[in-house]
Structure formats: C-alpha cells, structure tokens
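1. My questions are about this predicted structure, shown below with the sequence.
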Amino acid sequence: MQSKILLLGAFGQVGRALQSPLAQMGELSAISRADCDLANADQLAAILNASQPDIIVNAAAYTQVDQAETEPDLCCAINSTVPAQLAEYAKKHNAILVDYSTDYVFDGTKPDAYTEQDCPNPLGVYGFSKQAGLQAIVDSGCRYLVPRVSWVYSSGANNFAMTILRLAKTRTELNVVDDQYGAPTSATFIADTSAQLLQHYLSGNCDEGVYHMAPTGITTWHGFATALVQAALSSGIELALTIEDIHPITSSQYPFVAPRPLNSRLDTSKLLQVSGLDLPQWQQPIARTINEWNAHEQA
C-alpha cells in the first residue's frame, strides 16, 4: 500500500520543487495557501483529518524576515504553532513529520560552520519562531526529520537571486553586502535531497533528527550576485549591469530591519554520513536557474 503524503506550502519555493519527488514516493495531497489558512487551527485540523497522512511534509513558512519584526504574532502562528499542531497529529497517528529549519536560529558569531549540536541563539522574530517550532516538534515525541537550510532560491519566486536579476536589467550599479557568508541553495536541491533523506529514514538507514542541508562551498551575497550576473551575461541575456558595477558593502551600510547572522555556514557532515550523497558545488544550479528565469521573463 502506498504511503499517503500531505504536502503543505505546495506553491512556495521548496513546496513546488517537492511535488515531483514526493509524488514518486506515495499518494500525494498538495495543499497551498489558497486551500488552507494555516493560521486557522480548525482548517488545518480538517485537512489533516480528511487526508489522514502517513507522512506530513511542511514546506510552508512565514519567511519575511524584516516584516516579522512588526508581525510577530502571525510569524509565530505559522512558524511555531503550525509545526506544534502537525507534531501533535503525527505523534497521535504515528505519522512522520518533515519540517524545515533555518540558519537564522543561529546568531552567526561562530567562526566555523554550524553543526546540528550547536546551541541556537536567534537574533530576530523569524529565527525565534522557527526555533520554537522545532522545539515543539522535538518535545512532542513524534517521528520527525528536520532539514536545516539557508539562502534558498529558485526561479520565478521572490528571493535574492531573482531580485538581483531583475535589477540587473535596468540598474547600472548595485551595492551588495559582502560580509555575510553562506552557501546559496536551490529549492530543487533541497527537494531532491529531502526526498532521498526521507527514503533513507523509511528504509531504516538513518535516525530521526535535524540534518544540515547545503551544497558545497561558501560565498557572500556579493559573490552570489556576481555569479548570477556573470552567468546571465554568459547566456547571452542583455543586462544593464556588469559584474564590475556590483559594489561590496558591509551589513552596517545596508538598512536591514532585522539583524542577519554574519555566518550562515552549515556543516553537512551528518547528512553525508547517513546518505552518501555527492553534494554539488553551490554554483552548479545557477545556469539552470538563469535559463528558467529567462524563459519565464520571455513568456
């Protein structure tokens, strides 16, 4: 008998990418924001009771980091209360819960890459809400997998990569932060790797818990912006911006509302040990993303 899989956040960055690999693993019900107001506990309970999932994959999240500072209740409702409700259901029905954590649970002061054992110390509402959601999952006693990801991007979505490419069409200069470090992570990589991790868990080849999930290598937001523009130009896309016109600045020179961790590097040793995956370099998906973006722009 096929597993019943419930995917929440089906039209978000990671949710869209998850639909294909999850559909190959079982009977998939993909739920979007239009189908269910996740902040409404009764609506969410109705979805759970109707679908009776064996596996719940929660790709929904409140991710507006700056806006969260002025909407803490809504942010915590989505990022803390929803995972708690899902975990309670999973525990009661012996289902598996897959949820996602973020680099923002750390303060970014560690000089090396963060491991799963490092103590969280979020700097803002968003990070606090995500850590509270994870703690609720752990405390519930349910079966769970929590990939922790950072610097997520995809084509056709509102994210750093797409913002840079849109601006590059009309702007002749850009200032981009160059003192925050991490690994740009495509939604497709997260989805495919999450599905493989879930398969390993179902086969009894790995334990439940948190798994850092990131490609190989490190860069800054400035380095990522430069790579995006260079890849677009190399693909023959006409831009007003050149890589020489992307100027590095410090975080203190950019008007962030919520503080950002300067170090978002994630140690993936645990994931590698249980999966044996060959993690790609962070630059690898850029060309595909550029092509998808350009096709979308031309449509």
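-> Right, received. Where do you want to start?

2. hey, let's count contacts and neighbours off CA atoms from now on
-> OK.

3. Poorly predicted segments of the protein, please.
-> Within the chain, the stretches with pLDDT under 70 are 1, 299.

4. Show the residue spans covered by the strands in it.
-> Using DSSP state E, the strands found in the chain span residues 3-8, 26-31, 55-58, 96-98, 101-102, 143-149, 152-153, 174-177, 181-182, 185-186, 209-212, 219-220, 246-249.

5. among those strands, which is nearest L266?
-> Within the strands of the chain, the stretch nearest L266 is strand 209-212; the backing value is 6.0 Å (C-alpha to C-alpha).

6. Residues touching the closest one, excluding its own?
-> Applying C-alpha atoms under 8 Å, 6 or more residues apart in numbering, the contact partners of strand 209-212 are 115-116, 144-149, 266-268, 270-271.

7. now swap in stretch 141-148 and tell me
-> With C-alpha under 8 Å, 6+ apart as the contact definition, stretch 141-148 has outside contacts at 87-88, 90-91, 94-103, 134, 137-138, 194, 198, 208-213.

8. Selecting buried members of those residues in ChimeraX, what would you type?
-> To isolate in ChimeraX the members of the contacts of stretch 141-148 that are buried, counting by 16 or more other C-alpha atoms under 10 Å, one can use:
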select :87,88,90,91,95,96,97,98,99,100,101,102,103,134,137,138,194,198,208,210,211,212,213
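
9. Scan the contacts of strand 209-212 and report the most crowded one.
-> Y144 (27 neighbours; other C-alpha atoms under 10 Å).

10. who's that residue bridged to?
-> Per DSSP bridges, the residues bridged to Y144 are L97.

11. Distance of it relative to D35?
-> Counting by C-alpha to C-alpha, to the nearest Å, the gap from Y144 to D35 is 24 Å.

12. how about the nearest residue to A60, chain neighbours excluded?
-> Among residues not flanking A60 along the chain, G9 sits closest, at 4.0 Å (C-alpha to C-alpha, 6 or more residues apart in numbering).
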